[in-house]
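[1] Sequence first, predicted model second:
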Amino acid sequence: MARFWLTVFPRARSLLHRWERAARAIPDPRLRTLALETLRSEGLSAMGAALVATTVRQRDPALVRLLVSLQVAWDYIDTLAEQPATDPLANGMQLHRALVDAVRPEPPRNDYYRLHPVGDDGGYLLALVECCRAACASLPAFERVAHAAARELEHAEVQYANHAPRGRREAVLREWAARQHEHSDASWFELAAAASSSLGVLAILALAADPTTSDTTVERLQSAYVPWVDALTALLDSVVDRPADAHAGLTSWVDHYPSDDATTARLQTVTARAVEGVRTLPRGERHVVIVTGMMAMHLSQPSAQLPGVQPTTRAVLRTAETFAMPVLLLLLRGWRRARAQQGGAGARMLGAGRPGDDLELRGARCQPAVSPTGQLTPVPPSPQ
């Protein structure tokens with residue numbers, strides 16, 4: 001955590017500030033509003049993505065740029081996919097191609113907004129993609145992780161089935177889960193929930209900064225995170241959002257369990273498997289902190305203390321039993337209270353970073369250029 005606050009956090013905060021400036025230059029007012037609102041509401045997710053950089057010993061600025069920019073793109077695309085469209089499922093999957101392009105060496109060729117009602121973002125989404133691609137190209141072991149990362153991002157397109165018409169939604173998810181043979185003891189909705197989490201692919205990408213990464217290392221980490229850590233991420237989010245989802249008439253992942261007791265028991269099992277799975281990895285204690293931080297992010301929400309939710313969240317906390325949990329939970333609860341009291345002043349997390357970061361980002365080909373007309377021009381990856 002000391003390393004995160006001293007070296008990773010300033011870079012991540014500076015980069016988020018620059019993506020906010022880029023979002024302000026989006027020509028279409030609707031897309032501009034969506035991009036800015038997503039950055040402000042999901043800033044904690046982007047910081048969580050940056051925290052994953054601490055799982056490797058190497059201090060590579062390119063890794064922070066990759067993790068943060070990919071998470072910003074992920075959250076923005078998720079927001080776009082929630083907007084009305086003629087075919088919500090096809091629209092979500094078309095937008096999702098940007099995430100796969102972000103970790104592929106081939107130049108992007110997709111029109112991500114082809115099925116979206118509006119698409120004049122001035123190059124904002126493409127700039128995010130190009131920033132990720134440039135960072136990938138500069139990481140020493142990216143070739144070792146490229147296939148696994150692309151595969152997990154391709155699986156993540158199933159999350160957009162949640163935006164399909166209610167009558168089609170479950171059938172699409174069940175058909176997709178039936179094709180996944182690696183994890184027969186996970187239910188169809190647990191597999192689908194896991195695919196909607198970015199944490200596993202972020203952990204895989206972090207290995208790209210370590211030149212000693214081997215195929216075996218990638219396989220071990222992927223087995224630890226997928227599906228159990230990813231499933232836990234999505235299921236906890238579903239638990240704490242359940243009251244709001246019920247009020248809005250939406251179905252959550254945990255609604256598929258037969259009862260509240262079954263939900264609690266299963267989440268305890270998933271929590272135990274997630275924590276023990278990462279504990280056995282090289283530098284496993286760091287991965288335990290990542291999983292614990294993810295859990296604390298969800299369990300620090302006020303809705304986690306509601307009477308209908310608290311029995312499950314308390315059971316999950318007892319199951320985790322990690323030293324970091326009380327500390328992270330206390331910090332995040334304090335952060336949420338401070339943000340609420342200041343009327344959203346927590347968004348100032350996107351404020352300016354260290355002096356000189358502007359030059360560092362431009363030199364890394366991660367600074368989107370803004371023309372005099374307000375159009376964003378993604379800077380091509382550096383040939384170095």
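    Okay, I see it. Computed from a prediction, not measured in an experiment: that's the story for all the values here.
[2] Can you show me the strands along this structure?
    369-370, 376-377 (DSSP state E).
[3] Least confident of those strands, on average?
    Mean pLDDT values for these show the minimum at strand 369-370, a mean of 44.
[4] From what I see, Ala186 and Pro227 are in contact.
    Yes: under the criterion of C-beta atoms under 8 Å, Ala186 makes contact with Pro227 at 5.3 Å. Just so you know, the C-beta spots here come from the backbone N, C-alpha and C atoms, and that holds for glycine as well.
[5] So what touches stretch 324-344?
    Stretch 324-344 is contacted from outside by 40, 44, 288-289, 292-293, 295-297, 299-302, 317, 345-347, using C-beta atoms under 8 Å, 6 or more residues apart in numbering.
[6] In PyMOL, how would I select just the buried ones from those?
    Applying 16 or more other C-beta atoms under 10 Å to the contacts of stretch 324-344, the buried members can be selected in PyMOL as follows:
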select buried, resi 40+44+288+289+292+293+295+296+297+299+300+301+317+346+347
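[7] Can you flag which of the contacts of stretch 324-344 belong to helices?
    Secondary structure assignment by DSSP state H places Arg40, Leu44, Val288, Val289, Thr292, Gly293, Met295, Ala296, Met297, Leu299, Leu317 of the contacts of stretch 324-344 in helices.
[8] TSV please, covering these and showing distance to Glu219.
    Formatted as TSV, the ones in helices among the contacts of stretch 324-344 follow (distance: C-beta to C-beta, whole Å):
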residue	distance to Glu219
Arg40	38
Leu44	30
Val288	20
Val289	22
Thr292	24
Gly293	24
Met295	25
Ala296	28
Met297	27
Leu299	30
Leu317	31
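[9] and of the residues you listed, the nearest to Pro307?
    Among the ones in helices among the contacts of stretch 324-344, Leu299 lies closest to Pro307 (C-beta to C-beta), at 15.4 Å.
[10] What ranges does the stretch 51-200 of the chain have for its helices?
    For the stretch 51-200 of the chain, applying DSSP state H, counting those that start in this stretch gives helices covering 61-81, 88-101, 124-138, 142-155, 166-178, 188-195, 199-206.
[11] dump the residue contacts of Arg220.
    Leu281, Pro282.
[12] Gln159: which of the ones in helices among the contacts of stretch 324-344 is nearest?
    The nearest member of these to Gln159, counting by C-beta to C-beta, is Met297 at 18.4 Å.
[13] distance of that closest one from Ala102?
    23 Å (C-beta to C-beta, to the nearest Å).
[14] hmm, which helix or strand of this structure has the shakiest average pLDDT?
    helix 357-363 (a mean of 37; mean pLDDT, DSSP states H and E).
[15] ok, Ala244 to Leu306 distance?
    10 Å.
[16] any low-confidence regions in the stretch 101-250 of the chain?
    Low-confidence segments of the stretch 101-250 of the chain, defined by pLDDT under 70: 181-184.
[17] picking that back up, okay, Ala186 and Pro227: which has more neighbours?
    Neighbours were counted for Ala186 and for Pro227 using other C-beta atoms under 10 Å; Pro227 has more, 26 against 19.
[18] That one and Phe189 touch, don't they?
    No: with contact defined as C-beta under 8 Å, Pro227 and Phe189 do not form a contacting pair (11.3 Å).
[19] Now do Arg24: how many residues are near it, please.
    As a measure of burial, Arg24 has 14 neighbours, counting by other C-beta under 10 Å.
[20] for Ala102, same thing?
    Count around Ala102 with other C-beta under 10 Å applied: 26.
[21] Then Pro107?
    Count around Pro107 with other C-beta under 10 Å applied: 11.
[22] and the gap between it and Glu143?
    Using C-beta to C-beta, Pro107 is found at 18 Å from Glu143.
[23] which residues of the stretch 251-384 of the chain fall in helices?
    Using DSSP H, counting those that start in this stretch, helices in the stretch 251-384 of the chain cover 260-279, 284-299, 310-320, 324-341, 357-363.
[24] May I see those organised as TSV, with distance to Tyr124 added?
    Converted to TSV, those look like this (distance: least, C-beta to C-beta, whole Å):
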stretch	distance to Tyr124
helix 260-279	34
helix 284-299	26
helix 310-320	36
helix 324-341	25
helix 357-363	16
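[25] okay, those, which one's buried deepest?
    helix 284-299 (a mean of 22; mean count of other C-beta atoms under 10 Å).
[26] State the mean pLDDT of that helix.
    Per-residue scores along helix 284-299 average to 92.
[27] Give me the contact list for that helix.
    So helix 284-299 is in contact with 1, 44-45, 48, 51-52, 54-55, 199, 203, 224, 229, 232-233, 236-237, 239-240, 271, 274-275, 278-279, 281, 304, 313, 316-317, 320, 322, 324-325, 328-329, 331-332, going by C-beta under 8 Å, 6+ apart.
[28] Who are the contact partners of Val278?
    Residues near Val278 by C-beta under 8 Å, 6+ apart: Ala224, Tyr225, Val229, Gly284, His287, Val288, Ile290, Val291.
[29] Name the member of those residues with the shortest distance to Arg18.
    Closest to Arg18, out of all of those and judged by C-beta to C-beta, is Ile290, at 24.8 Å.
[30] how much space is there between Ala146 and Gln180?
    Distance, Ala146 to Gln180, using C-beta to C-beta: 21 Å.
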